[in-house]
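**Q** here is my input; please provide its structure:
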Amino acid sequence: MVFKGFSEELFRFLKDLEKNNTVEWFRNNRQRYEEYLVEPSRAYVTEVAPFLNRINPAIRTEPKFNQTLMRLNKDMRFAKGSPYKNYFLIHFGRFKLDSEFFLYFEPNQTDLGIFINNTDGDQLYFKQNYIRYKKEIVEIFNRNKLNNKVYLQQMDNKRPETVLKKFDANKHIEKLGNYKYILIQLTNFTQQKVYSDNLLPLSIETFTKLYPLLCFSYSQIR
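**A** Take a look at the predicted model:
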């Protein structure tokens, strides 16, 4: 399947799911789910994959659930209430809760950017590199003209919370040390951005600019 962009119907489906979050409703609307979320998401992953494979072969790029696509159904052993998430995530990392690139959909919002795991753990190095190389991280933002073109969120409480609507590393670099889970996302990334295949070059350009941050997350620099 060639990626031609996502449809407005994707957001209509998520809005309807938010209002009708039951197994019966989902079963009756599964065709919409497959057509407007799953199929174009797999096509998007397939076309972005060669770029990601070149920059880092360790990044997962298979267009499959539990690899690059997030399942909507919740694990009801640990969740209460509605059986489905009303958001959808395409993500490119090495393992669960890894630092990774992402494309994220909610009923009224979509985001493109990078998730940074700023905790201690096996193969997680951003925290220690951030302490040692703040000046170099600031230079990444300056060199790639990211200042004031991305916004900063944190997810320490599992749900995204906006910290700064316009992040400027020259002024706000210390903010990155305050949170365990960090989101850095494009500002002015509207739903219209996903409606055509122009999303592909935009994604690759964005991931290229943010890739040095992923390197600080993946590599133990001495």
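
**Q** mind listing the strands for the chain?
**A** 88-92, 100-106, 109-117, 150-154, 161-164, 181-186 (DSSP state E).

**Q** which ones are touching N53?
**A** Neighbouring residues of N53 by Cβ atoms under 8 Å, 6 or more residues apart in numbering: 59, 61. Every residue, glycine included, has its C-beta placed from N, CA and C.

**Q** repeat that for 7 Å
**A** T61 (Cβ atoms under 7 Å, 6 or more residues apart in numbering).

**Q** okay, it and K175: tell me how far apart.
**A** Distance, N53 to K175, using Cβ to Cβ, to the nearest Å: 32 Å.

**Q** can you say which of the strands of the chain is nearest to E24?
**A** For the strands of the chain, the distance to E24 is smallest for strand 88-92, at 20.3 Å, taking Cβ to Cβ.

**Q** tilt between the closest one and strand 100-106?
**A** For strand 88-92 against strand 100-106, the angle by axes from the mean of the first three to the mean of the last three Cα atoms, to 10 degrees is 170 degrees.

**Q** who are the packing partners of strand 88-92?
**A** If contacts are counted by 3 or more Cβ pairs under 7 Å, 6 or more residues apart in numbering; DSSP states H and E, strand 88-92 sits against helix 39-55, strand 100-106.

**Q** which one of those lies closest to F11?
**A** strand 100-106 (7.3 Å).

**Q** so what are the sheet partners of that closest one and their directions?
**A** strand 88-92 (antiparallel), strand 109-117 (antiparallel) (DSSP bridges).

**Q** ok, back up a step: of the helices and strands packed on strand 88-92, which is nearest N28?
**A** Here helix 39-55 is closest among those (Cβ to Cβ), at 18.5 Å.

**Q** and the closest one, average pLDDT?
**A** Average pLDDT, helix 39-55: 98.

**Q** tell me the angle it makes with strand 100-106.
**A** Using the same axes, to 10 degrees: helix 39-55 against strand 100-106 is 160 degrees.

**Q** dump helix 39-55 to PDB, restricted to CA.
**A** What follows is helix 39-55 as a C-alpha-only set of coordinates in PDB (Å, rounded to 0.1, in the frame of the first residue of the first chain):
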ATOM      1  CA  GLU A  39      -3.800   0.500   6.800                       C
ATOM      2  CA  PRO A  40      -2.400   4.100   6.300                       C
ATOM      3  CA  SER A  41      -0.300   3.700   9.400                       C
ATOM      4  CA  ARG A  42       1.300   0.600   8.100                       C
ATOM      5  CA  ALA A  43       2.000   2.300   4.800                       C
ATOM      6  CA  TYR A  44       3.500   5.300   6.600                       C
ATOM      7  CA  VAL A  45       5.800   3.000   8.600                       C
ATOM      8  CA  THR A  46       6.800   1.100   5.500                       C
ATOM      9  CA  GLU A  47       7.900   4.200   3.700                       C
ATOM     10  CA  VAL A  48       9.700   5.900   6.600                       C
ATOM     11  CA  ALA A  49      11.500   2.600   7.400                       C
ATOM     12  CA  PRO A  50      14.300   2.800   4.900                       C
ATOM     13  CA  PHE A  51      15.400   6.200   6.200                       C
ATOM     14  CA  LEU A  52      15.400   4.900   9.800                       C
ATOM     15  CA  ASN A  53      17.200   1.700   8.900                       C
ATOM     16  CA  ARG A  54      20.000   3.800   7.400                       C
ATOM     17  CA  ILE A  55      20.500   6.100  10.400                       C
END
